[in-house]
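**Q** take this sequence and fold it.
(chains A, B and C, ligands or ions: 3)
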Amino acid sequence: MKPSAFDYECPTDLNAVLAMLGDTETETSILAGGQSLVPMMNYRLAAPERLVDINRLPDLDYIREDAGFVAIGALARHGEIKASELVGRHFPMMSEAYDWIAHAAVRNRGTLCGNLCHADPASEMPALMQVLDATLVVAKATGTREVTAQDFFVGTYETVLESDEMLTEVRIPIPEAGTGWGFEEVAMRKGDYAWCTVVATLRVVEGRIAAPRIAVSGVGDAAIRLGAQEETLAGAEPTSAVFEEIAAAAAAAVNPPNVEHISADYRRDLLRSLLPRVLSAAASRVAA
Amino acid sequence: MNKKAISLTVNGRVREALVPPRMLLSDFIRHELELPGTHVGCEHGVCGSCNVVVDGKAVRSCLMFAVQANGTEITTVEGYDTAEGLHPIQQAFWEEHGLQCGFCTPGMLAAAKELLAANPDPGDDEIREAISGNLCRCTGYEFIINAIRSAAKAMREAEIQKTLQPA
Amino acid sequence: MKSHLDTNVIPPSRQREAPRAGLTWIGQSIKRVEDPRILTGNGGYIDDFKVPGMAHAAMVSSPHAHARIVSIDTSRAKALPGVIGVYTGEDLASVVDPCPSFASPPIPQTAIAVGKVRHVGEVVAAVVAEDRYIAEDAAELVEVEWEVLPANVDIEASAAATGDALLHPDDRESNVALDESFNFGPVEEDFAAADHIIKRRLRWHRSSAQAIETCGVVAQFDPYKGGYTIHCNSNFYNFIPFVIGGSLRVSPGEMRIVPKLAGGSFGSKVFSHKIIILTAGLARLAGVPVKYIEDRLEHFTNSDSHGSDRLYDAELAVDKDGTFKSLRFTVLDDYGAYLQFGVGTHGNAMAQVTGPYTIGSFGMRVKAVLTNKCQQGPYRGFGSEVTNWLMERMVDAAANELGQDPLALREQNMIKPDAFPYMIPTGNIYDSGNFQKVLAEAKQMFDLDGWREKAKKMRAEGRCVGVGVATCMERSVYGPTEWWSLNNKETPGFTLTSTPESISVHFDPSGKLFVTLHSPMVGNSPETVVTQILAERLTVAPEDIVFNYSDSQSGFNGVGPQGSRFTAMIAGACVSASIKLEERLKRFGAHMLQRRPEDVELRNGMVAVKGLKDQEKSFGEIALTSSFFRLSFPDGEEFDSGLETTAVYDHPLSTDPDEDRKHLGIFYPIVGHICHIVAVEVDPGTGKVEMLDYAAVHDNGTIVNPRTLAGQVWGGTANGIGTTLSEQFHYNSDGQFTNPNFAEFAMPTANEMPRNFKLGHVETPSPFTEYGIKGGGEGGRLGAPSALTSAIEDALSDHGVKITSLPVTPPVLRGLIRDAEQMAAG
Ligand SMILES: Cc1cc2nc3c(=O)[nH]c(=O)nc-3n(C[C@H](O)[C@H](O)[C@H](O)COP(=O)(O)OP(=O)(O)OC[C@H]3O[C@@H](n4cnc5c(N)ncnc54)[C@H](O)[C@@H]3O)c2cc1C
Ligand code: FES
Ligand code: FES
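**A** Ligands and ions are numbered 1, 2, ... in the order given. All right, here's what the predicted structure looks like:
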């Protein structure tokens, strides 16, 4: 299990990276943490002609607070984000979810941006980014654009990124005070890709649910928001009966993959079981 | 294939080499530097037997290319013991029977080393979590957990001894 | 009354060292002598080994489960710079013959497929190149034209397949390679007379050992320098090298196999002949030394070491008072594409098929079915893990149907402590045991009564909590008749009856005791065990013992670590060697002390005059004098220089199978007993199982090193937990192996192990082995699946869920719960 040959570049300047991505003559992949790309290369499921290693780009490993959001740079590693006081304070859900994402040595190298670009349908962070309403900053040689997390994921291993684009930053708005959150996942082992991840945030205003956001991964070819269920939830009372009802509707609405030994029914059952737990956790975390 | 020149420090010694870009760091360490203590069990990032410490962090050497290690400082299992003897973590693995076939051991040691550097007094669940990215098919892990717990204790005690000694 | 067992007479014990209290070294948890070199990275595994001029091999593997090879074009691969050669099955066949097959009649298997492939991952061509990277580049360039044939994936369908779906039409007219029936005792009569017949269809799915190190070989060929030199991590390198030589077309004298430390085996490196033959053949064809280390994908798909994969229709005859009368079953075994050792794994299970219970008769029909999957090989338990689970499932089923307490039913039918040696219907014996004591200890350690109460309360609160108890056998020290005793009597095959272990020892002139082991280390603790036994028997200081491993030419047969045999067997060889060395030490020492040999004894590394304090000579002095000062001793052979000897120990207790197979003889008689008790909580919405509490008590006779034994139990239990909850090889309907990687074949990590595992030991010594030692290398995996399955079923008793198939992964368990919910909802 050895990778095919490739050309290797390791620029120290973002513009050089973008220029190389823009050169469409050579099939080029960005090498970030390598924790998804290199296994695929070792299996020869991926064989890019050229790797552009971004690990030596300066000043991209930041996690910093800006006007109402936290910005995470393309070289911020999972492990740093997990340990970040800033992230823990504003997005405790991320710190919690990171306990379930791979293991320490993988998190030491893997990046959040690489993880999002890899777009594994069973990956947790794509769901979290949608619930947290993140904006992704995408650069190419001719300029940058911003894409919402909700619009970013297209399908299995597929995003809206063009081959000449690079994700440089994730911006996560700091939730309004009093926002509650819930996270649950089921995987074979802790640290494995999830069979189903369910995340939600909500507030409770005068005994009624406000601004609910729910996202799931593992039950389709990409992580998705559950818009219809959010609508039903908005204005409802946070009772277990309501949560059960929402979960039943959500389970009926999704169209999970039916692969051998992990049936679509099973993934629906997981959503059905986890969603009420997530919602009641979120409701109970709403600050008074 | 254009080979790349790299220079890095491995177990305190500067090593220079010309490597093809695709050469995995694990192969470079094992076969070019001839340090066989770093093991390869899966080459897809799951087993952890290839873990080495790069710039203070345990990483999968099967998921890094040797070129990427240019300028880094790497410690492999061969760099743990000193003239005085085994590193306290190695010693604890010996005393607590933390290994059987030994194939997972270098990776376990790297994970333990990183853990104890950050947390000198970890609880059992923290130890479990720290080695959960390392598969061992022999031990059932219990004695590895005991070993790391007892290494932590020995290292804390050695630290105290050091501070008690007159400068 | 005449019994079918009358002709199976138990031979007298050959034990020389009686079990006893007050031993100095046996029973101590000394630190392993193997560890320092391994801990510092100098273990010396196969991939650490290189020779000058060595090239590297990579394989072209079949993407199809079953296909004819129409043509292979290697020209592009050969043209790649750095490639030394590209070889097909025909090329390899020009220098080597098919792999050894112990099936009878044999089913031919070649290391590179010739004509057709029979499973995904089977090798169709091999590349030898300057390095592994280039070899893999070239492998991608080999073009194969295929004619795809029907894939046999389902056992029952494959058994009925015809025409193009036949795997080996030249050798077998059906995919059923073997179909044999046996009755041990009055099975028909016992069933006819029984009040209840409990029936279950039980399924055990395929997984494998997946040691963290794969199999590997470095082979050199030079006809002028002794032929082949082969370094490898096989367990079996020194038991049947002549068989490998047969395939390589050389005599054992033209082939030297050198063992390397193996990074775990659990059976997977026992039958690793194919990779040896393949690599050696490539070295000969390429004219350079070749290294081939399986990568993980190859190890999953082509290592010939998949574990048991069986479908049982089982029946237990029970009287209304709960007495077990008879057991019988039909088993269809999904063997995969070849049958390297016949139905040896079923032979193995015959050692303890009726468990710890008094069951008067046993009947079986075994059908070995060929399918388009990688073939089976050994995995910790070697088939007995499945029948242990079957027996315990049947007992739980009986308890359920009879409305009895499962534990009480076990206790009622358990063999009593005064009944040993106890012969079971198949003819094997249980040498000794006290199952009641093991159970009592486990109950107390676990607080079983307390837990049962607690579980009941938790269930009343709506939680799915349950407790499971398993009382199982752990046979150890195998005899080789298991390989062939179930073969058709007309074609019994190679009717091997020896499984020796041997050792060479000598004192060097400085007084160090040099020990050469004749079988390899695979993660067990051979040097530690031998150190403890030799220190015990000879009073030599452990730090004065030095170890070496023989190659296939420099040491007598050693069968090596497998079948939980090594510790008991090497103890026998150590005792034999010690007796011989003691005699020489005393002869030389007595002469130096000017005494008679009868007047001296061994004491703390010295030969000392009995009853006197300062009249002694150290082993070092004696070794030095006997090595360098011949004229200090009288003439005569008995004073030939030096203190050295070799000793061989044969199986301590075995008999031949009955000619008509009325019984199978004694072949696996040194039995341990294990009791596992576990409490689990099931999340009914997700099917996830959490272990709340776990206790295991094992009786492995006299314990040499409690800590290394505990390590074996832990490790085996982890394997058993994986087997039960998460590990399964998935072949889809096209015969594609869909999860051959560590991400999807889910072996437990530290997080998946129980948090508060309690381990206890009872020591009922064997009357047949030295010091009463029994083996203990497999017990965890022989007990955990039964206990866990039982606990899960108990936790879901309110749902009425019945578990008849392993593994119960969360999706499987959730499926069972969903079915039960739907049934309940009407
Ligand atoms: C054992 C193991 C367990 C794991 N478990 C989980 C898990 O439970 N959940 C989970 O979500 N993940 C898991 N992962 C994957 C891990 O999270 C990866 O780190 C992550 O998916 C990829 O990040 P990376 O920085 O390593 O990206 P790389 O592997 O370097 O790249 C991944 C892909 O993204 C592209 N890319 C990377 N960065 C950028 C960028 N800035 N802009 C544009 N394209 C880019 C690359 O070209 C490549 O195609 C696991 C990995 C391993 C080895
Ligand atoms: S070899 Fe690198 S993780 Fe397994
Ligand atoms: S000691 Fe063998 S794999 Fe861990």
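
**Q** and residue C:1, what's its pLDDT?
**A** pLDDT recorded at residue C:1 is 67.

**Q** next: the one 5 residues further on.
**A** With respect to pLDDT, residue C:6 scores 94.

**Q** how far away is the most centrally placed residue in chain B from residue C:735?
**A** Per Cα atoms, centre = their mean, the C-alpha nearest to the average position across chain B is that of residue B:110, at 2.4 Å. According to Cβ to Cβ, to the nearest Å, residue B:110 and residue C:735 sit 39 Å apart. All C-beta atoms are positioned from the backbone trio N, CA, C, and that covers glycine.

**Q** show me the contact partners of the helix or strand bottoming out on mean pLDDT in chain C.
**A** Across the helices and strands of chain C, the lowest-confidence element by mean pLDDT, DSSP states H and E is helix C:241-248, at a mean of 93. Here helix C:241-248 makes contact (Cβ atoms under 8 Å, 6 or more residues apart in numbering or on different chains) with C:96-100, C:228, C:251-252, C:254-255, C:257, C:273, C:276-277, C:280-281, C:552.

**Q** quick one: the helices in chain B, in order.
**A** B:25-27, B:88-95, B:105-118, B:124-130, B:142-164 (DSSP state H).

**Q** and the last one with chain C, contact?
**A** Going back to what we said before, that points to helix B:142-164. Yes. With Cβ under 8 Å from any Cβ of the partner chain as the criterion, chain C is reached by helix B:142-164 at B:142, B:143, B:144, B:145.

**Q** tell me what that helix is packed against?
**A** When contacts are defined as 3 or more Cβ pairs under 8 Å, 6 or more residues apart in numbering or on different chains; DSSP states H and E, helix B:142-164 sits against helix B:88-95, helix B:105-118, helix B:124-130, helix C:706-725.

**Q** hmm, 6 Å instead?
**A** Secondary-structure packing of helix B:142-164 (3 or more Cβ pairs under 6 Å, 6 or more residues apart in numbering or on different chains; DSSP states H and E): helix B:88-95, helix B:105-118, helix B:124-130.

**Q** kindly report the same for the fourth one.
**A** Under the contact definition 3+ Cβ pairs under 6 Å, 6+ apart, helix B:124-130 sits against helix B:142-164.

**Q** buried residues, the helix it packs on. List them.
**A** Applying a neighbour-count criterion of 16 or more other Cβ atoms under 10 Å in any protein chain shown, one finds B:142, B:143, B:144, B:145, B:146, B:147, B:148, B:149, B:150, B:151, B:152, B:155 buried in helix B:142-164.

**Q** could you dump the residues you listed to JSON lines with pLDDT and distance to residue C:464?
**A** Formatted as JSON lines, those follow (pLDDT from 0 to 100; distance: Cβ to Cβ, whole Å):
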{"residue": "B:142", "pLDDT": "97", "distance to residue C:464": "26"}
{"residue": "B:143", "pLDDT": "97", "distance to residue C:464": "32"}
{"residue": "B:144", "pLDDT": "98", "distance to residue C:464": "31"}
{"residue": "B:145", "pLDDT": "98", "distance to residue C:464": "28"}
{"residue": "B:146", "pLDDT": "98", "distance to residue C:464": "32"}
{"residue": "B:147", "pLDDT": "98", "distance to residue C:464": "35"}
{"residue": "B:148", "pLDDT": "98", "distance to residue C:464": "33"}
{"residue": "B:149", "pLDDT": "98", "distance to residue C:464": "32"}
{"residue": "B:150", "pLDDT": "98", "distance to residue C:464": "37"}
{"residue": "B:151", "pLDDT": "98", "distance to residue C:464": "39"}
{"residue": "B:152", "pLDDT": "98", "distance to residue C:464": "37"}
{"residue": "B:155", "pLDDT": "96", "distance to residue C:464": "42"}
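
**Q** between those residues, which sits nearest chain A?
**A** Using Cβ to the nearest Cβ, residue B:148 is the member of those that sits closest to chain A, with 13.2 Å.

**Q** which residue sits closest to the residue of chain A found nearest chain B in space, ignoring its chain neighbours?
**A** Relative to chain B, the nearest point of chain A is residue A:103 (2.4 Å; Cβ to the nearest Cβ). Once flanking residues are discounted, residue A:103 sits nearest to residue B:133: 2.4 Å by Cβ to Cβ, 6 or more residues apart in numbering or on different chains.
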